[in-house]
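> Coordinates for the following, if possible.
(one chain, ligands or ions: 1)
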Amino acid sequence: MLKRAKVLIVDDDPLNRLVLEKTLQQDYDVFCVESGEKALTFLKTQSVDLLILDIVMPGIDGYEVLNKLKENATTSMLPVIFISANTSHDDEAKGLELGAMDYITKPFSAAIVRARVRNQLMIKQKNDLLEMLASIDGLTEIPNRRYLDENLAREWRRCRRDQTPLSVLLMDVDHFKRYNDCYGHRAGDDCLKQIAHALVGACERGSDFVARYGGEEFAAVLPNTSAKEAMSFANKLRNAVNELNIPHKASLNADHVTISIGIATTENGQVYAEQTLLEEADLGLYQAKDAGRDQIVSRMIAMSEHK
Ligand SMILES: Nc1nc2c(ncn2[C@@H]2O[C@H](COP(=O)(O)OP(=O)(O)OP(=O)(O)O)[C@@H](O)[C@H]2O)c(=O)[nH]1
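Predicted coordinates for the structure are as follows:
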């Protein structure tokens, strides 16, 4: 059963708000606000699936609200249906050119509003599904590199803005070529799946996430996590893989599969690009391999190193 979609109605006319709410509330969770400013404030803390937006309102008008939504990464894809007393083709064209998905003229028919809302929500559902499938790694079924890149960029912006710590872990399966050579590629695939699920299972905070970085490499992004906390989390991940106890008789450092981990932490948003965090974690990983594998090396990024 799909969860009920959320629709936000933005209209300065209380009667219109009431009629639209009554038209849609049987099928959707409906929220109403009376101005463009209030809509933008509402969307800072709540997510919805569709916006029904009046054009002519006191304060910022519907066109400007749509422009602001398009400028913001989290709301740029939110479908908007304009609803307006402006019936000219020019107004309708302007709304659609700005990126609205549909345009309804007042006075409106309840049946047409319901049908157009349903159509837009069906398109959104399909887009969301495609988006989700594009972010999942086919083999391990955990988030992939694309998801990692997008979410790391978001977390990095947040850590800079709020001056909070951010840690990134890069993990690599030790002597995995030897594993494939010894047990076969299919067993190698199985091994990666088990490791992926052990890593994901070790995440307790909702904000932490693990992704397959590529090949036999995984990455974890830990918002609001200091170097010390990241080290303790990395130990937990390393133990989770050790506890799988997957035999690896060709390994040169243990009798089972192990991982090495590099950690990079920025404690006050003092990294100039999120890519630097990945590069530093990669250096840590290299040092962990060099130190004998099944090791963790943490690198703290200091302001002076990246001026
Ligand atoms: N089975 C399987 N193997 C993969 C996959 N992706 C990458 N590999 C293998 O992972 C191996 C990685 O080998 P290397 O980069 O030489 O590293 P390693 O053997 O793990 O050695 P160290 O990292 O130095 O401990 C290669 O043989 C790749 O073919 C995959 O999806 N499935």
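> where's the closest residue to the ligand within the chain, which helix or strand?
At 2.5 Å from the ligand, residue 188 is the closest residue in the chain, using Cβ to the nearest ligand atom. All C-beta spots, glycine's among them, are computed from the backbone N, C-alpha and C. Per DSSP states H and E, residue 188 falls inside helix 185-201.
> For residue 79, give me the pLDDT.
pLDDT recorded at residue 79 is 97.
> doesn't residue 120 make contact with it?
Yes - contact criterion Cβ atoms under 8 Å: residue 79 and residue 120 qualify, at 4.8 Å.
> tell me, what's touching those two both at once?
Any residue near both residue 79 and residue 120 by Cβ atoms under 8 Å, 6 or more residues apart in numbering counts here, and that gives 50, 101.
> buried set for the helix ranked longest in the chain?
Identified as the longest helix of the chain according to DSSP state H is helix 110-134. Neighbour-count burial for helix 110-134, counted by 16 or more other Cβ atoms under 10 Å, picks out 113, 116, 117, 120, 121, 124.
> Repeat that for stretch 90-105.
Judged by neighbour count (16+ other Cβ under 10 Å), stretch 90-105 contains these buried residues: 91, 92, 94, 95, 98, 100, 101, 102, 103, 104.
> Tabulate those (JSON lines), appending distance to the ligand, pLDDT and secondary structure.
Compiled in JSON lines, the buried residues of stretch 90-105 are given as follows (distance: Cβ to the nearest ligand atom, whole Å; pLDDT from 0 to 100; DSSP: H, G, I helix; E, B strand; the rest coil):
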{"residue": "91", "distance to the ligand": "53", "pLDDT": "90", "secondary structure": "helix"}
{"residue": "92", "distance to the ligand": "50", "pLDDT": "91", "secondary structure": "helix"}
{"residue": "94", "distance to the ligand": "50", "pLDDT": "93", "secondary structure": "helix"}
{"residue": "95", "distance to the ligand": "47", "pLDDT": "92", "secondary structure": "helix"}
{"residue": "98", "distance to the ligand": "44", "pLDDT": "93", "secondary structure": "helix"}
{"residue": "100", "distance to the ligand": "43", "pLDDT": "95", "secondary structure": "coil"}
{"residue": "101", "distance to the ligand": "39", "pLDDT": "96", "secondary structure": "coil"}
{"residue": "102", "distance to the ligand": "43", "pLDDT": "96", "secondary structure": "strand"}
{"residue": "103", "distance to the ligand": "48", "pLDDT": "95", "secondary structure": "strand"}
{"residue": "104", "distance to the ligand": "49", "pLDDT": "95", "secondary structure": "strand"}
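> All set now, cheers.
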